[in-house]
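J.: my questions are about this predicted structure, shown below with the sequence.
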Amino acid sequence: MAGLGDALTPAPGTLWRVVLVLTLGLAAVLVEAAPVGLTPRGLPSPDLVFLVVAVVAVRRPDCVPILPVFALGLVRDLLTDLPTGLGALTLVLSAEVLRTQAAALARASLLREAAIIAVVCLVAMALQYVLTLAMLAQPPYVMAVVRQWLLTVLAWPLVLIVVRGIAGVRAETADGSRRRGA
Amino acid sequence: MRRGRQSETADLERRIRQVLLGIVVVVSLVFMGLWRADNPRLTQLRTALIDAVSPGFDWAAEPVAFVTSMLRDFQGFIDVYAQNRELRREIEGLRALREKARALEEQNAQLAALMNVSLAPPLRFVTGDVIADSGGPFSESALVNVGLRDGVQDGAAAVDGNGLVGRAVGVGARATRLMLVTDFSSKVPVVIRPSGARAILAGDATSAPRLDFIDDPESVQPGDVVETSGEGGVFPPRLPVGRVIQSGGTLRAALAADFARLEFVRLLSYRVESDMAREGSVIVPARRRALDRVPDAQPPETGVPAGGVPAAGAPAAVVPAAGTAAAQPEG
């Protein structure tokens, strides 16, 4: 049972970081939902919640536990009128995929990290689209999804700076050295 | 030994994550099913959450609104000269219209007195601040910071100073979710003037929703006025919606409401007084019907025009909301 205890108990200092990440995620929901003109062809908000989780997942995989990330996704779905459960599911799956890439990305360049996050974001949005179709609900226009993806990719550096500044998450390689600029 | 224990812990951790992931997938699918079925408990959960978080929305919306208005003001400052000329030209046109409107108002009052027309009481409304939008491409909705405690009713029509914006689809104590007329799920019965043709305004995530099921498409011309017909009893009749435009062979309505600068909306209090039950039922003798009648029957979703709704071309027996934009003049 000692093993189970080790697996379930977060490392000291991790817990407050998880709380901080969730707080940042909630703030991201509020900013995402801020009304900036309600025209259908206006600019969509970037997926800031995804970006917050993604930035942390590749740097501190232990700070994005499944259940709190799922709860965050669910709150976002309920507040921003996304199909309930759809955004939460893709958020958890994205975080899990990025966690598996964390070790490989620890020594990679920021450009490579941006590329991987962009691909994961695109796959998550495509999955949302397909699941909406599978539920026989009205999916959004493909162009609207592509525009949101582009804005999300463009917003990544800003979110990276904010999350790193506030939560202090930095990538650490196996030998303890830090990547330049990360 | 220590390394072996570490790998054992990592293995266990991986298994726990897999189980949790499985649970999350199942729970998500259940939530999606409930969402698709429009489960009332999910709606309650949503409104309760919105109520709890609405002060946070205000907090986040303030700085964003400030920056947006600053950018808009800057844009206005750049083309102030052109705007001034445009406004002067508009004022000239409006002066002539004002005189005409005064004469018509007087004539209308005289005719109404002659015909003994009883006007419906003016609609009451609550004004709210738009505090959030849906943000994503999945839906066109907004949150307003007024709710049940301010007297907002579920299904209430929302208008801005120019025309119809949407309807309330979830009312919490302090906040209300609006489905905008541009949303895919929005269907509004409208009437096109001067022809009087009925149609359904169907939102399709574009700024000019489609006009479906026009009963006499030949009589409709681009530039005609689109108003709510009041059929179905959800929206009051004669609320201005916009003007007909033709785009790629499809008739659409260019909306009168200014969605780009939507800061405040008015939620109208409107209920049709109708004896119609929600579902069809057997016609029974009057005495039994009085016993069976549900006291607060909801207004019917579809069906014949309910009480107080004028037929096309009939005298204006119902006035639009007091203080809201007056119904656009016909013709």
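T.: That came through, no problem.
J.: for the residue of chain A found nearest chain B, the count of nearby residues, please.
T.: Here chain A gets closest to chain B at one residue, residue A:85, 3.0 Å apart by Cβ to the nearest Cβ. C-beta coordinates here come from the backbone N, C-alpha and C atoms, glycine included. Residue A:85 has 27 neighbouring residues, counting by other Cβ atoms under 10 Å in any protein chain shown.
J.: in chain A, which spans are helices?
T.: Under the criterion DSSP state H, chain A contains helices at A:2-8, A:14-33, A:48-59, A:66-80, A:86-105, A:110-134, A:142-167.
J.: winner for burial among the ones you listed?
T.: Mean neighbour count (mean count of other Cβ atoms under 10 Å in any protein chain shown) peaks for helix A:48-59 among the helices of chain A, with a mean of 27.
J.: for that helix, packing partners?
T.: For helix A:48-59, the elements it packs on are helix A:14-33, helix A:66-80, helix A:86-105, helix A:110-134, helix A:142-167, judged by 3 or more Cβ pairs under 8 Å, 6 or more residues apart in numbering or on different chains; DSSP states H and E.
J.: closest one to residue A:55 among those helices?
T.: For residue A:55, the closest of the helices and strands packed on helix A:48-59 is helix A:142-167, at 4.6 Å, according to Cβ to Cβ.
J.: let me know the angle separating the closest one from helix A:110-134.
T.: 130 degrees (axes from the mean of the first three to the mean of the last three Cα atoms, to 10 degrees).
J.: quick one: average pLDDT of helix A:142-167?
T.: Mean pLDDT, computed over helix A:142-167, is 92.
J.: repeat for stretch B:109-119
T.: 77.
J.: and for stretch A:100-108?
T.: pLDDT averaged over stretch A:100-108 gives 83.
J.: is it up against chain B anywhere?
T.: No: taking Cβ under 8 Å from any Cβ of the partner chain as the criterion, stretch A:100-108 and chain B are apart, separated by no less than 10.5 Å.
J.: distance from the chain centre to that stretch, please.
T.: Centre-to-centre, stretch A:100-108 and its host chain are 16 Å apart (Cα atoms, centre = their mean, to the nearest Å).
J.: so what's residue B:58 closest to, chain neighbours aside?
T.: Closest residue to residue B:58 apart from its sequence neighbours, by Cβ to Cβ, 6 or more residues apart in numbering or on different chains: residue B:131 at 5.6 Å.
J.: near chain A, which residues of the stretch 201-331 of chain B are found?
T.: So far as Cβ under 8 Å from any Cβ goes, the stretch 201-331 of chain B lies against chain A at B:205-207, B:259-262.
J.: strands along the stretch 201-331 of chain B, start to end?
T.: Counting by DSSP state E, counting those that start in this stretch, the stretch 201-331 of chain B has strands at residues B:210-212, B:225-228, B:240-247, B:250-255, B:264-269.
J.: what does the spatially closest residue to residue A:82 that is not a sequence neighbour show for phi and psi?
T.: In space, and not counting its chain neighbours, residue A:82 is closest to residue B:138: 5.4 Å by Cβ to Cβ, 6+ apart. Main-chain torsions, residue B:138, degrees, to the nearest 10: phi -80, psi -30.
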